[in-house]
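Colleague: structure, please.
(chains A, B and C)
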Amino acid sequence: MRTPTTRTAKTPTASRAVRALRTPGGLSVRLDLRALTVVVLLLAAALAASVLLIGTGDYPIPAGDVLRTLLGNGDRGQEFIVNELRLPRVLVGLLVGASLGLGGALFQSISRNPLGSPDVLGLSQGSTAGALVVIVLMSGSATAVTLGALVGGLVTGFAIYLLAWKQGVHGYRLVLVGIGVSAIVTAVNGYLLTKADLVDAARAVVWMTGSLNGRGWEQVWPLLGLCAVLVPLILVNARGLRMTEMGDDVSYALGVRVERVRLVLMVSAVLLTAAATAAAGPVGFVALTAPQLARRLTRSPGPNLVPSLCMGATLLVTADWASQRAFGADQLPVGVVTGVLGGIYLLWLLVTERRAGRI
Amino acid sequence: MTVLVLVALASIAIGAKELSLEQVWHGLFHASGTYGDVVVDERLSRTLLGLLAGAALGLSGAVLQALTRNPLADPGLLGINAGASAAVVTAITYFGVTSLSGYVWFAFAGAAAVGALVWFLGGSRGATPVRLALAGTAISAALYGYLQAVMIMDDAALSRMRFWTVGSLSSATGSTIDQVLPFLAVGTVLALLLARPLNAVAMGDDTARALGAHLGRTRALAMLAATVLCGAATAACGPIVFVGLMVPHAVRSFTGPDLRWILPYATVLSPVLLLGADVVGRIVARPAELQVGIVTAIIGGPVFIFLVRRRRTAQL
Amino acid sequence: MKATGKTHAISEPRTTGETNNRRSTVNRLSAENVTLAYDQRVIAEQLSVEIPDNSFTVIVGPNACGKSTLLRALSRMLRPSEGRVLLDGQVIQSTPAKKVARTLGLLPQSSIAPDGITVGDLVGRGRYPHQGLLRQWSAEDERVVQESMARTGVADLADRHVDELSGGQRQRVWIAMALAQQTPLLLLDEPTTYLDIQHQIDVLDLCAELHEEQGRTLVAVLHDLNHAARYATHLIALRGGRVVAEGAPNDIVTAELVEEVFGLRCQVIDDPETGTPLVVPAARRARTEVRAAATEAS
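Modeller: Residues are numbered from 1 along each chain as shown, chains lettered A, B, ... in the order given. Model prediction:
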């Protein structure tokens, strides 16, 4: 049997190195070399940050030992700390970051707005409301809180979609309806917070900030399962999404079933962000900044789904590591760090973009 | 105007403690220190504060919408509320300021600082609606992170802040009013004077210039007016959303786009909304009360969504 | 509005009844008794239109006569509330989206170039209906993109960002994208809006070339009646959602028709360059006199 010879051909049509991998059978895959490089580098960064993060804490472990333990050759004490305590936490961080990054990229692309992230559209607030109801009104367990947040996020997500529906979901309408819903839910959250006694309120605020403290394997598996189903589904629909960025008319003319693509991707994005928020709380700004950063690195106009995913994971784990290094183990929830850093980054973005005369 | 008077009366008459109309009358005009009189006195300051804050929020919203040419601009959207909140948290936590009269000034400074910062970042020259909104959202988000960090590390701050950040008129006293009144007066006059030049700005930069408007000056003054108004209101009542957004829209639907009409009407109608919301908040949750910020958001959110849905997509 | 006898005597003679019952067996694209409406606002009722194969059909009419709406219906952007649009004898809505997209291309009035996209990349996106998950970028795709850019004269711009281009260049890029779609039918919604006169002619020349050299069927909505008369092989004049006249410009463009459709008094003379009809609006005085007379009479 002849082995299929693959050849790469640089497309002269674009300066960006878009290459196609083709087989004699007529199959071809688009490869964007720059995006590929970015993804590889981000994955390496995420891995490095994860190893560092596992090594950080009240009982520091050198990176070499961490690696050895992960590969199954560590001593027993380290094995327990690494595999039972810190690894699941890091995995939750990676998965949550990846889900938020991917969900943010989807929302920004669907709404055609760099601000159209789940934080702005009210999904995070919806999850928060779900969690607050459980914390304040029922004083529920951690599992119940997770469940409440999941339900809250999903209900809010679908409410926004339905309210924004009017012969199709238009990007701007989606953003604005989201902002409206978000304000209502924020008020409800504020009310719940004033109703709570101080202990519950403190617990609620920590949850609302988003934190990886005490996350374990029981959070890893559901998230991993969800990602395993949704990520391929999203990537299959990504080509349609790329087209919708040129306006509904053009993409429709090109044979994209715009509404169907949008529905599938919206549902996936809502599921991803709701699950991520349920697992770690509404970690601010990852969904907003990850796609923007990824876009700047790949310099590609498309939705940049995979780079955003990697960027989200890298960002979250790095932020968690930074917060633990700077303020001591488990002192400052990761959400505070991402919120402040994300805000500063956005400001910087505004200043430079203003100089460049874009925005 | 009549509606305003009626709502103001309702605001005085209705409260967690039931009083007869007679008692209210007595308290208003023949105050003699009875229990009822004290209650009425409190409600009076509260109503006055509601009037002032409502007018200020509505006016600043209308000015901001004209300035940014963004029908959905709101003091909250531009980060001014967040600026005030962050400054108040700082005052409570790090400077040990506990009295309202103390942190009013911090809130005001915070709002002004954020206003200036948004203005600078959004591009003092050639500010576009998108850029201003982006700058505001970015600043809000960063300040929000800071707020939460403080609230997590300091339970005392949390216990106070969680009440302040929902927006309420209940902390009103005569001294609060005295302190914010000068700012509100200056801001209101400034805003009303700006109606004409802002009308020109609403036509687009080039047209405005062609019409002979001083773009830079008008923008800077309008931003100043909006910041002063909204900063003072936020300082006194905490962040109240949607009043500044809703009222100018409602007004525009019957006055048309002329700011010379919109601004005065917004000044009168916003207190109606705010006081109305406050009264509703007192009725529905008796004997406790629902903070006015929560009520405006719960009323305002659906109105906002309705506005968005009603518009044709092309107009958005 | 009833059709003027004269125009129909010269063009294909037909009555309204015949139009409504005609089966579209000949032409690839046609609308049968369609009622077009946005929400509750009805734009056109019982409208029937045939697009002759291999023609350069231009739809003209005053503002808000439904010409863009008709084009949207023909390109399945708008689902008729009654009646049907047929493409190759099949109802267009029930044909798979990608199959339609390989037969019929559309250049809409509003299109968004994603931030920072290059010309080559944008034109490449026109290949979407020919691609699949495992056929993302074939050699054929690449060849067609090159060819489309060469035809529209934007090959040199391939590496430039679309947002840096001038209006005329940008329109050429979008046309290149529609060409890369390789459809035998191409619909253009006011392709010359916002362009200066040189670029308008440029774009129309390009359309004419595409039509003559490649035998594509082109349907365009145009504002300028003289452009329409010069370039179209088949003209459809709409007013108030009705076809007032259709046929070759030489046959149907008369002073009466222009007055009926646009309400403008004019002379129609021969274009000295091409011999096609040229509409010259009557002088202001002549028109005001007529208007005065009309007012007096009423």
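
Colleague: give me the most central residue, chain A.
Modeller: Taking Cα atoms, centre = their mean as the criterion, residue A:100 is the residue nearest the geometric centre of chain A, at 1.3 Å.

Colleague: over to that residue. Which of the three states is it?
Modeller: Secondary structure, DSSP: H, G, I helix; E, B strand; the rest coil: residue A:100 is helix.

Colleague: and if you look at the one 4 residues further on?
Modeller: Remark: residue A:104 carries the secondary structure label helix [criterion: three-state DSSP].

Colleague: before we move on, what about the one 4 residues further on?
Modeller: Per three-state DSSP, the secondary structure class of residue A:108 is helix.

Colleague: distance from stretch A:72-89 to the middle of the chain?
Modeller: 26 Å (Cα atoms, centre = their mean, to the nearest Å).

Colleague: now do that stretch: everything it contacts.
Modeller: Stretch A:72-89 is contacted by residues A:53-54, A:57, A:59, A:61, A:65-66, A:68-70, A:212-217, A:219-220 when judged by Cβ atoms under 8 Å, 6 or more residues apart in numbering or on different chains. C-beta here means a position set from N, CA and C on the backbone, and glycine is covered the same way.

Colleague: in helices only, show me those.
Modeller: Cross-referencing the contacts of stretch A:72-89 against helices under DSSP state H gives A:53-54, A:65-66, A:68-70, A:217, A:219-220.

Colleague: pLDDT added to those residues, as a markdown table?
Modeller: Below are the ones in helices among the contacts of stretch A:72-89 laid out as a markdown table (pLDDT from 0 to 100):
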| residue | pLDDT |
| --- | --- |
| A:53 | 84 |
| A:54 | 84 |
| A:65 | 82 |
| A:66 | 82 |
| A:68 | 83 |
| A:69 | 82 |
| A:70 | 82 |
| A:217 | 86 |
| A:219 | 84 |
| A:220 | 89 |
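
Colleague: ok so, going back, name all residues that make contact with the residue nearest to the centre of chain A.
Modeller: With Cβ under 8 Å, 6+ apart as the criterion, the residues that contact residue A:100 are A:118, A:272-273, A:276, A:283, A:286-287, A:290, A:312, A:316.

Colleague: on that earlier part again, also within reach of chain B: list those from the contacts of stretch A:72-89.
Modeller: Counting by Cβ under 8 Å from any Cβ of the partner chain, nothing from the contacts of stretch A:72-89 sits close to chain B.

Colleague: among those, name the buried ones.
Modeller: Neighbour counting over the contacts of stretch A:72-89 (16 or more other Cβ atoms under 10 Å in any protein chain shown) leaves A:53-54, A:57, A:61, A:65-66, A:68-70, A:212, A:215, A:219-220 as the buried ones.

Colleague: out of these, which touch chain C?
Modeller: Of those, not one also sits near chain C (Cβ under 8 Å from any Cβ).

Colleague: what's the closest of those to chain C?
Modeller: Distance ranking of the buried ones among the contacts of stretch A:72-89 against chain C, using Cβ to the nearest Cβ, places residue A:220 first at 29.7 Å.

Colleague: got a list of what that closest one touches?
Modeller: Residue A:220 neighbours (Cβ under 8 Å, 6+ apart): A:88, A:91-92, A:95.

Colleague: state the pLDDT value of the residue nearest to the spatial centre of chain C.
Modeller: For chain C, the residue nearest the mean C-alpha position is residue C:220 (1.4 Å; Cα atoms, centre = their mean). In this model, residue C:220 is scored at 94, pLDDT.

Colleague: so who does it touch?
Modeller: Neighbour list for residue C:220: C:56-59, C:187-191, C:207, C:232 [criterion: Cβ under 8 Å, 6+ apart].

Colleague: what about it, which SS state?
Modeller: Assigned by three-state DSSP, the conformation of residue C:220 is strand.

Colleague: and it, what are its bridge partners?
Modeller: On the basis of DSSP bridges, residue C:220 is bridged to residue C:58, residue C:188.

Colleague: where's it relative to residue C:178, distance?
Modeller: Residue C:220 sits 12 Å away from residue C:178 when distances are taken as Cβ to Cβ, to the nearest Å.

Colleague: common neighbours of these two, please.
Modeller: Here residue C:220 and residue C:178 have residue C:188 as joint contacts, going by Cβ under 8 Å, 6+ apart.

Colleague: chain B contacts on the stretch 151-300 of chain A?
Modeller: For the stretch 151-300 of chain A, the contact set with chain B under Cβ under 8 Å from any Cβ comprises A:163-164, A:166, A:170, A:172-173, A:176-177, A:179-181, A:183-184, A:186-188, A:190-191, A:193-194, A:198, A:201-202, A:205-206, A:208-209, A:284-285, A:288.

Colleague: restricted to buried residues, select those residues in ChimeraX.
Modeller: To isolate the buried members of these in ChimeraX, using 16+ other Cβ under 10 Å:
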select /A:163,164,170,172,173,176,177,179,180,181,183,184,186,187,188,190,191,193,194,201,202,205,206,208,209,284,285,288
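
Colleague: all strands for chain C, in order.
Modeller: Along chain C, counting by DSSP state E, strands occupy C:29-38, C:41-51, C:56-60, C:82-87, C:90-91, C:104-107, C:185-189, C:217-221, C:234-239, C:242-247, C:266-270, C:277-281.

Colleague: would a markdown table of these with distance to residue A:247 be doable?
Modeller: Compiled in a markdown table, the strands of chain C are given as follows (distance: least, Cβ to Cβ, whole Å):
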| stretch | distance to residue A:247 |
| --- | --- |
| strand C:29-38 | 18 |
| strand C:41-51 | 21 |
| strand C:56-60 | 22 |
| strand C:82-87 | 21 |
| strand C:90-91 | 25 |
| strand C:104-107 | 11 |
| strand C:185-189 | 12 |
| strand C:217-221 | 17 |
| strand C:234-239 | 25 |
| strand C:242-247 | 29 |
| strand C:266-270 | 37 |
| strand C:277-281 | 33 |
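
Colleague: about what we covered before: closest to chain C out of the contacts of residue A:100?
Modeller: Once Cβ to the nearest Cβ is applied, the member of the contacts of residue A:100 that ends up nearest chain C is residue A:290, at 17.0 Å.

Colleague: where's that closest one, which helix or strand?
Modeller: helix A:286-298 (DSSP states H and E).

Colleague: and the average pLDDT for that helix is what?
Modeller: Mean predicted confidence for helix A:286-298 is 86.

Colleague: ok so, going back, so which of the contacts of residue A:220 are in helices?
Modeller: Per DSSP H, the contacts of residue A:220 map to helices at A:88, A:91-92, A:95.

Colleague: which of those residues scores worst on pLDDT?
Modeller: On pLDDT alone, residue A:88 ranks lowest of these, at 89.

Colleague: OK, contacts around residue 282?
Modeller: Unless you meant another one, I'm taking chain A. Contacts of residue A:282 by Cβ under 8 Å, 6+ apart are A:119, A:124-125, A:127-128, A:208-210, A:335.

Colleague: chain C is the one I meant
Modeller: By Cβ under 8 Å, 6+ apart, the contact list for residue C:282 reads C:264-267.

Colleague: contacts only, for the closest residue to residue A:243 other than its chain neighbours.
Modeller: Once flanking residues are discounted, residue A:243 sits nearest to residue A:251: 4.0 Å by Cβ to Cβ, 6 or more residues apart in numbering or on different chains. Contact analysis of residue A:251 by Cβ under 8 Å, 6+ apart lists A:240, A:243-245, A:258.

Colleague: can you tell me the helix or strand for residue A:251?
Modeller: With DSSP H and E as the test, residue A:251 turns up in helix A:248-253.

Colleague: what is the mean pLDDT for that helix?
Modeller: On average, helix A:248-253 scores 84.

Colleague: and the gap between the closest residue to residue C:124 other than its chain neighbours and residue A:28?
Modeller: The shortest distance from residue C:124 to any non-neighbouring residue, by Cβ to Cβ, 6+ apart, is to residue C:145 (5.1 Å). Distance of residue C:145 to residue A:28, given as Cβ to Cβ: 14 Å.

Colleague: now swap in residue B:310 and tell me
Modeller: Taken as Cβ to Cβ, the span from residue B:310 to residue A:28 is 47 Å.

Colleague: what of residue C:244?
Modeller: Using Cβ to Cβ, one gets 50 Å for the distance from residue C:244 to residue A:28.
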